[in-house]
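Novice: Fold the stuff below for me.
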Amino acid sequence: MKIKNTILVIASILLLSSCVVKSLNPFYTKETISFDKKFLGEWKDSDKGKWTIVSFEKEFKKDLGSEKMKEDDLKLFNEYKNSYYVQRKHKGREALFLATPFKINNQTFLDFYPLEFQDDVDNLLEGHLIYTHSLVKYDVNKNGEMEVKWLDEKKIEKLFKEKKIKIKHQIAGVQKDKYLLTASSKELQKFIKKYMSSNDSEKWNTSTKFTLSKINATK
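Specialist: Numbering: from 1, shown residues only. Prediction:
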């Protein structure tokens with residue numbers, strides 16, 4: 001998968017037009033990272049997509065081969081050694097993500113960050129794209145399936161408009177209808193804790209969700 005080169009030479013799309021909450025900073029902090037082997041393997045999702053999820057550590061070392069780690073390599077490795085390299089193929093297209101698992105109050109989450117999006121992007125357009133993080137709540141069902149749900153932008157928009165939350169953000173887009181969180185990772189985690197404790201039974205309702213069924217395990 002050439003993960004080392006993929007990250008160091010990133011050419012990707014940052015889905016500013018999507019319905020997921022986007023943040024300039026990661027939703028995790030180092031002390032909350034919690035690697036989970038159950039997420040590794042090959043999966044098919046509820047939208048006929050195929051996911052291949054491997055350990056960043058193993059893929060990075062495989063890509064490095066016998067080459068000695070340089071200072072930049074070591075820094076990158078230490079930063080993401082407990083993360084996943086996620087590849088999703090759907091309708092002939094491929095998207096690559098870096099996903100970092102973390103846990104807050106025994107709830108498991110993923111911080112998704114795009115690495116590469118297979119598309120014909122004009123160079124001028126590509127120069128205007130930015131990279132953001134998104135928040136995924138995931139749960140393992142008794143039958144072994146994995147439920148992954150992105151935090152929906154519409155939920156956050158409603159809270160902002162009702163003045164029920166205060167967190168640093170910017171409103172972007174031509175129609176000024178896209179929310180971009182600019183808070184620090186620690187501030188984001190305070191928000192997550194508060195959001196999790198809310199009485200809103202529909203707080204994880206989202207248009208961006210998948211049910212993953214295991215095809216085979218990654219050893």
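Novice: which helices and strands sit right next to the helix or strand Leu76 falls within?
Specialist: If you go by DSSP states H and E, Leu76 is part of helix 71-80. Here helix 71-80 touches helix 3-8, helix 56-64, going by 3 or more CB pairs under 8 Å, 6 or more residues apart in numbering; DSSP states H and E. For the C-beta atoms, the positions are set from N, CA and C on the backbone; glycine is no exception.
Novice: looking at those, which has the lowest confidence?
Specialist: Among the helices and strands packed on helix 71-80, helix 3-8 carries the lowest mean pLDDT, at a mean of 46.
Novice: Show me the strands in the protein, by range?
Specialist: 22-23, 41-44, 50-55, 84-90, 93-104, 107-117, 133-140, 146-150, 169-172, 178-181, 209-216 (DSSP state E).
Novice: would you turn these into CSV with mean neighbour count?
Specialist: Output for those, formatted as CSV (neighbours: other CB atoms under 10 Å):
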stretch, mean neighbour count
strand 22-23, 24
strand 41-44, 18
strand 50-55, 19
strand 84-90, 19
strand 93-104, 19
strand 107-117, 20
strand 133-140, 20
strand 146-150, 19
strand 169-172, 14
strand 178-181, 20
strand 209-216, 16
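Novice: Of these, which is nearest Lys190?
Specialist: The minimum distance between Lys190 and these falls on strand 93-104, with 10.0 Å, by CB to CB.
Novice: Run the chain-centre distance for that closest one.
Specialist: What separates the centre of strand 93-104 from the centre of its chain is 4 Å, taken as CA atoms, centre = their mean, to the nearest Å.
Novice: what angle do that strand and strand 84-90 make?
Specialist: Strand 93-104 and strand 84-90 meet at an angle of 140 degrees, taking axes from the mean of the first three to the mean of the last three CA atoms, to 10 degrees as the criterion.
Novice: Extract the C-alpha set from strand 93-104 and format it as PDB.
Specialist: Taking Å, rounded to 0.1, in the frame of the first residue of the first chain, the C-alpha atoms of strand 93-104 are listed here in PDB:
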ATOM      1  CA  ARG A  93     -13.300   4.100  -6.800                       C
ATOM      2  CA  GLU A  94     -10.900   4.000  -3.900                       C
ATOM      3  CA  ALA A  95     -10.400   6.200  -0.900                       C
ATOM      4  CA  LEU A  96      -7.600   5.900   1.700                       C
ATOM      5  CA  PHE A  97      -7.800   7.100   5.300                       C
ATOM      6  CA  LEU A  98      -5.800   7.200   8.400                       C
ATOM      7  CA  ALA A  99      -8.000   6.300  11.400                       C
ATOM      8  CA  THR A 100      -6.900   6.600  15.000                       C
ATOM      9  CA  PRO A 101      -8.800   4.700  17.600                       C
ATOM     10  CA  PHE A 102      -9.500   6.300  21.000                       C
ATOM     11  CA  LYS A 103     -11.800   5.800  23.900                       C
ATOM     12  CA  ILE A 104     -13.800   8.200  26.100                       C
END
